[in-house]
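Peer 1: Sharing a model that was predicted from the sequence below.
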Amino acid sequence: MIFSKLKLKNLILIITIVVTLFSCTLAYAATSTFTHPEVGENMTVHINYDGAQFDIYGFPYYVVPSPSRSHRGVKVNKSERINKDNASFDTAITRLFDSLSGKYKNFPAPKVFRLGGIAEPYTEAIMALPIEKRLEALKALGGFNGIEGYDALLNYPGFTSDDVATLKQEHREYRVKIRNNIYPYRVLQFYFDEGGAYGYFNERYAFVETKGRSWVLIRIAKENTISYAQRSKYIHGLSGSNPQDLADANSEALYGMSPGMSFNEVLAKTNGVVGKKNTITLNNVELYRMPCSLTFHFDKGNGLYKTTYEFTQRQSYYSAFVSLYIRYYDPLVINANKKTAWNLENMLIEINGGTKTPTLSFEIY
Amino acid sequence: MKRAIILLIALLIPISAMAGGETKQVLLLGTDDIMRDLTQSAEMSRADAIYVASLSDEGVRLLSIERDYRVSLPDQPDNKLATTTFFGGPELCMDSVNNLLSLELSRYVQISKDTVAEAVNIIGGVSVAIHEDEKPVLRKAMGYIPKQGNDGLYKLNGKLAVGFLSAREDNIDDIESNARRNDRQQRFLSAVMDLVRSKSFDEALGIADKIVPLIKTNLTMADIVGLIRTVQTGKGEFRYARSPITEYSRTQAGLHQVIEVNDMALEIQKVDEFFKE
């Protein structure tokens, strides 16, 4: 009898362990393989808590390292949390430079290394500086010190007053909204070529400015692509990006409407169904070549401020992730409570994968 | 019964569309599995093998077309040629090839990876040459290399043929990997042509009768009969080329790495010369 009880206890214990393990597997098995409706290729998209990756035919094309993985000597923090765990600008970039000599495991010394974006022509000048000055120059060049900060570049070889004037002209004060807080935001891009057929890639380091700790790292993203010059795309936070490049993507997000457009104007243009809480809904529309419904939301002043698309399949969460990457590059927050967000100057883009019918919203703030 | 009808049609077409020294060009597409996707309307297939077969009394000229060619698609950003079957089926792929190389193709044959094995088994296998340096990649894709025959060739059943046709080296440049795969594919197609020539007209029609249901094509019965006749009665010459013939550059189209030839007019001229020489 005692033996039977023990066996029963063991059995219950085993079942509990198995169920727990299975639940964990389910929780982390956020992966989907499908032909992307816009790309036309077979892709596998992995989205875990604060880490993401998509592969094309098994080849990792885009990777956002999760906080559990050390990347060139730093671990990123969960991106919706900004606290003491976020590496400072100096730590993150010093370690990146350290990694160029092969200091960190899995990060071989690249055969070619270049600064990206508008910093690219200044690679040699910056890399020739001692590390402390290199960090300062890079910070100034990346727009971290504001429009006046560019003047400091004249103290370094390789920069002319014409260069500084152009940099000032192209400067933008980028910001992002995280948990209802707005932070100054900057991105640095680097190009690596480790040799071999597929050894080339870009890495982007994103920073926010906190009140007490100055600039801290919130995300790293790595993508395999041969060039950016050919794409001329807007990357939020990267110096020299032109927001005009986003006009088509933003118009698509608002279904051709404009922010602030009145309820009656949208109704007249779309002939949609009037819903509760001052909304207009269109059924059977398409976004990013996926079937969905669309709801327009209006603020108290009766102006359009938000669109929400509801898709028909769970897989749309993964497909939309790639579509949004194509248009807006790096997500700001990844899979926190099944929500992944992108941020632009005045727009928060959020996809919610927590339901069988994922939703995607574009909110003007 | 169906075969008898085909034979009757063949007999009733004394001068088929292919007869009389005319050259007929057909687009041959090897695509991956056809399924439905998130759009719930498109065919989920990409063209991994894209060929133009030009058949005449002289024989067959086979032009392999690089699948990574940059193409413009209607109402969409530029993409690579391989994805055209996904976005618009074989018709869009044919339009894209015509636009790219100034051809006037109007006929296509599309076969998916799944049905290649079945088709090869129907024709009783295909014997091909296998080079020593490609054995490692083929062993990986096929599982094993069959025993070499007395003729020096390796006879592939359906499953082995799929491995042979789809094998690709992952550790080399994409375009080079595609070129090597195309080289194997043209060896395979050349062997199929030889096989068709070795059969009687009756046998060849019987095989066509069994294979036609496995493929997607807009060839008419008269076309099929004419093609078989041309292959069987022609001089049997087989020539192969691969476009791009001329120099090209790599660019980016969306997430894809694509190629663009540096002088398209020259490329078109070279392709034209290949078909006419």
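Peer 2: Noted; the coordinates are in hand.
Peer 1: alpha carbons only for contacts and neighbour counts from here, please
Peer 2: Fine.
Peer 1: now the helices: where do they sit in the stretch 101-250 of chain A?
Peer 2: Here the stretch 101-250 of chain A has its helices, by DSSP state H, counting those that start in this stretch, at A:123-127, A:131-141, A:146-149, A:161-170, A:247-253.
Peer 1: which helices and strands sit right next to the second one?
Peer 2: Just to be clear, that refers to helix A:131-141. For helix A:131-141, the elements it packs on are helix A:89-99, helix A:123-127, judged by 3 or more CA pairs under 8 Å, 6 or more residues apart in numbering or on different chains; DSSP states H and E.
Peer 1: Show me which residues of the stretch 1-150 of chain A sit near chain B.
Peer 2: Applying CA under 8 Å from any CA of the partner chain, one finds that the stretch 1-150 of chain A approaches chain B through A:34, A:35, A:36, A:37, A:39, A:40, A:41.
Peer 1: could you list every residue that touches the nearest residue to the fifth one once chain neighbours are set aside?
Peer 2: What that stands for is residue A:39. Nearest non-adjacent residue to residue A:39, counting by CA to CA, 6 or more residues apart in numbering or on different chains: residue B:255, 7.2 Å away. Under the criterion of CA atoms under 8 Å, 6 or more residues apart in numbering or on different chains, the contact partners of residue B:255 comprise A:39, A:225, A:326.
Peer 1: For the first one, which three-state class applies?
Peer 2: Using DSSP: H, G, I helix; E, B strand; the rest coil, the three-state assignment for residue A:39 comes out as coil.
Peer 1: residues contacting it?
Peer 2: Under the criterion of CA under 8 Å, 6+ apart, the contact partners of residue A:39 comprise B:79, B:254, B:255.
Peer 1: Ramachandran angles for it?
Peer 2: Torsion angles at residue A:39 (phi, psi; degrees, to the nearest 10) stand at phi -80, psi -30.
Peer 1: Can you tell me how far it is from residue B:74?
Peer 2: As judged by CA to CA, to the nearest Å, residue A:39 and residue B:74 stand 14 Å apart.
Peer 1: Over to the second one?
Peer 2: When CA to CA is applied, the distance between residue A:225 and residue B:74 equals 25 Å.
Peer 1: Let me see the mean pLDDT of the longest strand along chain A.
Peer 2: When chain A is parsed with DSSP state E, its longest strand is strand A:181-193. Averaging the model's pLDDT scores along strand A:181-193 yields 93.
Peer 1: for stretch B:193-207, same thing?
Peer 2: Model confidence over stretch B:193-207, given as mean pLDDT, is 91.
Peer 1: Which parts of the stretch 51-200 of chain B are helices?
Peer 2: B:84-101, B:113-122, B:135-142, B:158-166, B:174-198.
Peer 1: could those go into CSV alongside mean neighbour count and distance to chain A?
Peer 2: Written out in CSV, the entries for those read as follows (neighbours: other CA atoms under 10 Å in any protein chain shown; distance: least, CA to the nearest CA, whole Å):
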stretch, mean neighbour count, distance to chain A
helix B:84-101, 21, 6
helix B:113-122, 19, 15
helix B:135-142, 17, 15
helix B:158-166, 22, 13
helix B:174-198, 18, 8
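Peer 1: What values do phi and psi take at the residue in the stretch 51-200 of chain B that chain A sits nearest to?
Peer 2: For the stretch 51-200 of chain B and chain A, the shortest gap (CA to the nearest CA) falls at residue B:173, measuring 5.0 Å. Here the main-chain torsion angles of residue B:173 (degrees, to the nearest 10) amount to phi -60, psi 140.
Peer 1: gap between it and residue A:150?
Peer 2: 41 Å.
Peer 1: So which of those two has more stuff around it?
Peer 2: When neighbours are counted by other CA atoms under 10 Å in any protein chain shown, residue A:150 comes out ahead of the other of residue B:173 and residue A:150, with 25 against 13.
Peer 1: hang on, that one packs against residue A:141?
Peer 2: Yes. At 6.3 Å, residue A:150 counts as touching residue A:141 under the criterion of CA atoms under 8 Å.
Peer 1: Contact partners for the closest residue to the residue of the stretch 51-200 of chain B closest to chain A other than its chain neighbours?
Peer 2: Closest residue to residue B:173 in three dimensions, ignoring its sequence neighbours and counting by CA to CA, 6+ apart: residue A:197, at 5.0 Å. The neighbourhood of residue A:197, defined by CA under 8 Å, 6+ apart, consists of B:171, B:172, B:173, B:174.
Peer 1: do the same with residue B:69
Peer 2: Applying CA under 8 Å, 6+ apart, we find residue B:69 in contact with B:80, B:81, B:258, B:259, B:260.
Peer 1: Next up, the contacts around residue A:272.
Peer 2: Remark: with contacts taken as CA under 8 Å, 6+ apart, residue A:272 is in contact with A:280, A:281, A:282.
Peer 1: gap between the residue in the stretch 51-200 of chain A positioned nearest to chain B and residue A:148?
Peer 2: Proximity of the stretch 51-200 of chain A to chain B (CA to the nearest CA) peaks at residue A:197, 5.0 Å away. Spatial separation of residue A:197 from residue A:148 under the definition CA to CA is 42 Å.
Peer 1: where does residue B:29 sit relative to chain A, distance-wise?
Peer 2: Between residue B:29 and chain A the distance, using CA to the nearest CA, to the nearest Å, works out to 16 Å.
Peer 1: my guess is that residue is in a strand, correct?
Peer 2: Yes. Under three-state DSSP, residue B:29 falls within a strand.
Peer 1: Let me see the confidence value for it.
Peer 2: Residue-level confidence at residue B:29 comes out at 95, pLDDT.
Peer 1: Residue A:80 too?
Peer 2: Residue A:80 carries a pLDDT value of 76.
Peer 1: quick one: what helix or strand has residue A:266 in it?
Peer 2: When elements are assigned from DSSP states H and E, residue A:266 belongs to helix A:263-270.
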